[in-house]
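1. Give me coordinates for this.
(2 chains)
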Amino acid sequence: MDVSKSRQASGAGSREAVDPADSAAAVSRALAELSRLQLLRLGAIARLRARSLPNGISWSDLLHEALVRALDGSRHWPSGVPFLVFLAGVMRSICDEIWRHRRREIALIAFGEHAEVESQDVPCPVPDQERILAASEALGELYRLFTGDGIALRILSGLANGLSAADIRTAYGLSEVEYDSARRRMRRALLRVGLPGSVP
Amino acid sequence: MTKATMTGWHPEQELAVLLDALTEEILTTPDRDIVAWPRDQIEEASDAAEEIRRLVAAAESGLMAPPTVEFIERAYIARNQ
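-> Next up is the predicted model:
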């Protein structure tokens, strides 16, 4: 049985030790089998995730790095995790890694090779100012995508606060129909963002 | 007049939560919703999918090509045999 198919069929949640070579081979096969709709989703996730990155790193850089790590076996595709969920997770962790590197670089520039020790003595209320600024800008861009769509903006705000669908509907007094149709508009915007004729 | 200050707001945490939620939205969009898009948007989506296909091919071919160092070493050995 095809490993990649068995992985997808076995459902999310179960995690087993996977041989790196087996994982890499399964990734290669799964990539070859991706449909156009799945490729569209993959690109949309990369575009979305890249919004949180420092300037100069594009969505295609992020996607390329995720693909390389999955293909060379350095990131294992756990059994039972759908392939796109796995790649989305790889991109997420690469974004975190980039910011960790950035933080170390800044400390090295400021304090040299003794950064680990000396930077501890410098009072700094906000250690990740670049990341905070980038996050503020990214949040602004995401909210601007839905300018003029009050319901979508409320849903976005609810999601950003970690609310469930039911909580968002209750908090903003939205009917199920209003909520579902706004959710569809949001999904379409997210999948189309960055495409010709869409909001950048 | 009171001076309003924003405290306890962590945009990087808010963004992380929002990106996770929106990623989930993208992953769970039913295929039928995308197929129902207007024709011009479907064509744009197809072009975008092809672009991703090319990126996948580039990542795969990049892994298959031997590293430059290895290539230079092999060329040096071949010249001096």
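2. Off-centre distance for the helix or strand residue A:25 falls within?
-> Counting by DSSP states H and E, the element that carries residue A:25 is helix A:20-32. In terms of CA atoms, centre = their mean, to the nearest Å, the gap separating the centre of helix A:20-32 from the centre of its chain is 21 Å.
3. pLDDT of that helix, averaged?
-> pLDDT averaged over helix A:20-32 equals 87, rounded to a whole number.
4. and it, anywhere near chain B?
-> Yes - residues of helix A:20-32 are located near chain B by CB under 8 Å from any CB of the partner chain, namely A:28, A:31. All C-beta spots, glycine's among them, are computed from the backbone N, C-alpha and C.
5. Now that helix: buried residues?
-> Residues A:23-24, A:26-28, A:30-31 are the ones in helix A:20-32 that count as buried (16 or more other CB atoms under 10 Å in any protein chain shown).
6. List just the nearest of these to chain B.
-> Chain B lies nearest to residue A:31 out of the buried residues of helix A:20-32, by CB to the nearest CB, at 5.2 Å.
7. In this structure that closest one contacts residue A:63, no?
-> No - here residue A:31 does not reach residue A:63: they are 11.6 Å apart, not a contact under CB atoms under 8 Å.
8. For the spatially most central residue of chain A, pull up the helix or strand it's in.
-> With distances taken as CA atoms, centre = their mean, the residue of chain A nearest its centroid is residue A:49 (3.8 Å). Take DSSP H and E as the rule and residue A:49 turns out to sit in helix A:36-50.
9. Can you report how many residues lie near residue B:42?
-> Other residues within reach of residue B:42, judged by other CB atoms under 10 Å in any protein chain shown, total 14.
10. relative to helix A:36-50, how tilted is the helix or strand harbouring it?
-> The secondary structure element spanning residue B:42 is helix B:39-64 (assigned by DSSP H and E). With axes from the mean of the first three to the mean of the last three CA atoms, to 10 degrees as the criterion, the two stretches helix B:39-64 and helix A:36-50 enclose an angle of 80 degrees.
11. Next, the buried residues of helix B:39-64.
-> Buried residues in helix B:39-64, counting neighbours by 16+ other CB under 10 Å, are found at B:41, B:44-45, B:48-49, B:52-53, B:55-56, B:59-60.
12. who does that helix touch, helix- and strand-wise?
-> Other elements packing on helix B:39-64 under the criterion 3 or more CB pairs under 8 Å, 6 or more residues apart in numbering or on different chains; DSSP states H and E are helix A:20-32, helix A:36-50, helix A:59-71, helix A:176-192, helix B:31-35.
13. Tell me which of those helices lies nearest to residue A:156.
-> Nearest to residue A:156 among these is helix A:176-192; the distance by CB to CB comes to 7.4 Å.
14. so what secondary structure elements neighbour the closest one?
-> Counting contacts by 3+ CB pairs under 8 Å, 6+ apart, helix A:176-192 is packed against helix A:36-50, helix A:150-160, helix A:165-172, helix B:11-28, helix B:31-35, helix B:39-64.
15. Identify the residues contacting the shortest one?
-> What that stands for is helix B:31-35. With CB atoms under 8 Å, 6 or more residues apart in numbering or on different chains as the test, helix B:31-35 has contacts from A:37, A:40, A:184, A:187-188, A:191, B:42, B:45.
16. pLDDT-wise, which helix or strand of chain A ranks last?
-> Between all helices and strands in chain A, the lowest mean by mean pLDDT, DSSP states H and E belongs to helix A:3-9, at a mean of 43.
17. Where does pLDDT dip in chain B?
-> Applying pLDDT under 70 to chain B picks out residues B:1-7, B:63-81.
18. would you turn the buried residues of helix A:20-32 into a markdown table with distance to residue B:11?
-> Putting these into a markdown table (distance: CB to CB, whole Å) gives the following:
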| residue | distance to residue B:11 |
| --- | --- |
| A:23 | 35 |
| A:24 | 36 |
| A:26 | 37 |
| A:27 | 33 |
| A:28 | 38 |
| A:30 | 35 |
| A:31 | 34 |
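19. Fine, thanks again, bye for now.
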